[in-house]
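K.L.:
for reference, the sequence and a predicted model appear below.
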Amino acid sequence: MTDPITGTHTGTQGDARAPGDCVAAVDIGGTGARVRLSDGRTAGEIVRAPGRTVSAAGIDSDALLAGLATALDTLRTAHPHLRVEAVGAGMSGLLGLTARPDGLLGRLSALFRAPRVVLASDMVTSYVGALGIRPGAVVAAGTGAVALGTDFRDQWLRSDGWGHLLGDEGSGAWIGAAGLRAAMRAHDRRPGGSAPLLELAVERFGEPAGLPGRLYPHGDVAGRMAAFAPDVARAAHRGDSVAHDIWRRAAVHLARTVSAALPSGTDPVVSWCGQLFSAGDLLTDPFLEALRTAAPHARPVPPAGSSLDGAAHLARLSVERPDELPDTAPYIRSLPPASGTSRTPGSV
């Protein structure tokens, strides 16, 4: 098996690797987590950890650890001799104002029985999965949209990621909302409407008169609007010009978002990640075109891997080249701390 980030050989399914070669990659979302162990026997095996971990009130560390414990029980039952040497974890919500994951580094170390832990925002693990440890900017687009630009030293630049009410322009929620607005314009016979989008909206949500009540009373309004983004893609592929223009405008927003995050004084490299880009050429082509206008000197690089790949790379870095591991709270924190770094009050 080859590391998708470094290109180095990390073993194959048949390798006789020492248990200490195992690293754990953890991807922590708001409604659960995924764990992947990488060594000669279990490379690529992913186990889901149940339970909500991030909410409006902040990070629920107890719920997170309980879910991870369940996943680890499954893995240890199947592979009783595995020993985890390092953990790399990317966490959604780590940069939020309510995020106070106090003690989480130590608790993850105890849970995985691992002497080294790297805890990072999922923005960082997505970045590292896409580009590795090098200066540039990466835009992540799913239900929301956010970009991170960094030189991994002094510059850590965030762009957007403000939620569907204040930002997340070009995201799945933004596309879904734009599609639903076009559908309602068609229903009212107002200019700019789309009959195909109206038909798809009725198919997914029911009659238009009941649509507000199906969206607003629920906590995950953004997720419900984002659920309509695949329908907007369907309409675009069928030739609907309104739907196609929505995706084009989304691409322009995402290109401007990532351009705003480019660090200064570097060779500008840009990449992208997230479920929204699974739309393929419908999004990628206009995104690259808009990027040439927004950042004409930027060099687009297709993503090398996922957030889990980025988490695994940070874990391996903590073992193999710890002096190269960035440690800049709140973006990246490590146990033991990287040399030459200092902790701030409340850091984990």
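P.N.:
Thanks, I have the structure now. Residues are numbered from 1 along each chain as shown.
K.L.:
by mean pLDDT, which helix or strand of this protein comes out lowest?
P.N.:
strand 54-55 (a mean of 62; mean pLDDT, DSSP states H and E).
K.L.:
which residues in the stretch 101-250 of the chain form helices?
P.N.:
In the stretch 101-250 of the chain, the helices defined using DSSP state H, counting those that start in this stretch lie at 104-112, 122-131, 163-166, 172-188, 195-205, 211-215, 221-226, 229-237, 241-260.
K.L.:
where does pLDDT dip in the protein?
P.N.:
Along the chain, segments meeting pLDDT under 70 span 1-20, 30-31, 40-44, 52-59, 96-102, 219, 338-348.
K.L.:
domain parsing for it?
P.N.:
Here the domain parsing of the chain from automatic domain parsing is 19-131+305-335, 145-300.
K.L.:
among the ones you listed, which is the most enclosed?
P.N.:
Among the domains of the chain, the stretch with the highest mean neighbour count (mean count of other CB atoms under 10 Å) is domain 19-131+305-335, at a mean of 20. From N, CA and C alone the C-beta is placed, and that goes for glycine too.
K.L.:
from residue 324, how far out is the residue nearest to residue 39 when sequence neighbours are not counted?
P.N.:
Nearest non-adjacent residue to residue 39, counting by CB to CB, 6 or more residues apart in numbering: residue 22, 3.9 Å away. Using CB to CB, to the nearest Å, residue 22 is found at 21 Å from residue 324.
K.L.:
can you check residue 243 too?
P.N.:
To residue 324, residue 243 is 45 Å away according to CB to CB.
K.L.:
likewise for residue 104?
P.N.:
Going from residue 104 to residue 324 by CB to CB gives 23 Å.
K.L.:
what's the answer for residue 253, then?
P.N.:
Distance, residue 253 to residue 324, by CB to CB: 34 Å.
K.L.:
equivalent analysis for residue 318, please.
P.N.:
For residue 318, the distance to residue 324 - CB to CB - is 10 Å.
K.L.:
cool, residue 47 as well?
P.N.:
Using CB to CB, we find residue 47 at a distance of 29 Å from residue 324.
K.L.:
then residue 23 would be within a helix, right?
P.N.:
No - going by DSSP: H, G, I helix; E, B strand; the rest coil, the assignment for residue 23 is strand, not a helix.
K.L.:
show me the contacts for it.
P.N.:
For residue 23, the contacting residues are 37-39, 84-88, 312, 315-316, 319, by CB atoms under 8 Å, 6 or more residues apart in numbering.
K.L.:
report the separation between the nearest residue to residue 178 once chain neighbours are set aside and residue 255.
P.N.:
In space, and not counting its chain neighbours, residue 178 is closest to residue 246: 4.6 Å by CB to CB, 6+ apart. As judged by CB to CB, residue 246 and residue 255 stand 15 Å apart.
K.L.:
ditto for residue 150
P.N.:
18 Å.
K.L.:
just residue 108 next, same as before
P.N.:
36 Å.
K.L.:
can I get the helices of the stretch 101-250 of the chain in CSV including distance to residue 26?
P.N.:
What follows is the helices of the stretch 101-250 of the chain, written out as CSV (distance: least, CB to CB, whole Å):
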stretch, distance to residue 26
helix 104-112, 8
helix 122-131, 9
helix 163-166, 24
helix 172-188, 24
helix 195-205, 33
helix 211-215, 32
helix 221-226, 22
helix 229-237, 27
helix 241-260, 26
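K.L.:
among those helices, which is nearest residue 60?
P.N.:
Among those, the nearest to residue 60 by CB to CB is helix 104-112 (11.0 Å).
K.L.:
ok so, going back, doesn't residue 182 make contact with the residue nearest to residue 178?
P.N.:
Yes - using CB atoms under 8 Å, residue 246 is in contact with residue 182, at 7.1 Å.
K.L.:
measure the closest residue to residue 120 other than its chain neighbours to residue 90 for me?
P.N.:
Of all residues not flanking residue 120 in the chain, residue 332 sits nearest, at 4.5 Å (CB to CB, 6+ apart). Look at residue 332 and residue 90: by CB to CB, they are 10 Å apart.
K.L.:
quickly list what's touching both of these two.
P.N.:
120-121, 124.
K.L.:
pipe those into a markdown table and attach distance to residue 215 per row.
P.N.:
Formatted as a markdown table, the shared contacts of residue 332 and residue 90 follow (distance: CB to CB, whole Å):
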| residue | distance to residue 215 |
| --- | --- |
| 120 | 33 |
| 121 | 29 |
| 124 | 32 |
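K.L.:
tell me which of those residues is nearest to residue 202?
P.N.:
Among these, and counting by CB to CB, the member closest to residue 202 is residue 121, at 38.9 Å.
K.L.:
which residues does the spatially closest residue to residue 136 that is not a sequence neighbour contact?
P.N.:
Of all residues not flanking residue 136 in the chain, residue 269 sits nearest, at 3.5 Å (CB to CB, 6+ apart). Residue 269 is in contact with 131, 134-137, 298-299, 301, counting by CB under 8 Å, 6+ apart.
K.L.:
7 Å - rerun?
P.N.:
Contacts for residue 269 (CB atoms under 7 Å, 6 or more residues apart in numbering) come out as 131, 134-136, 299, 301.
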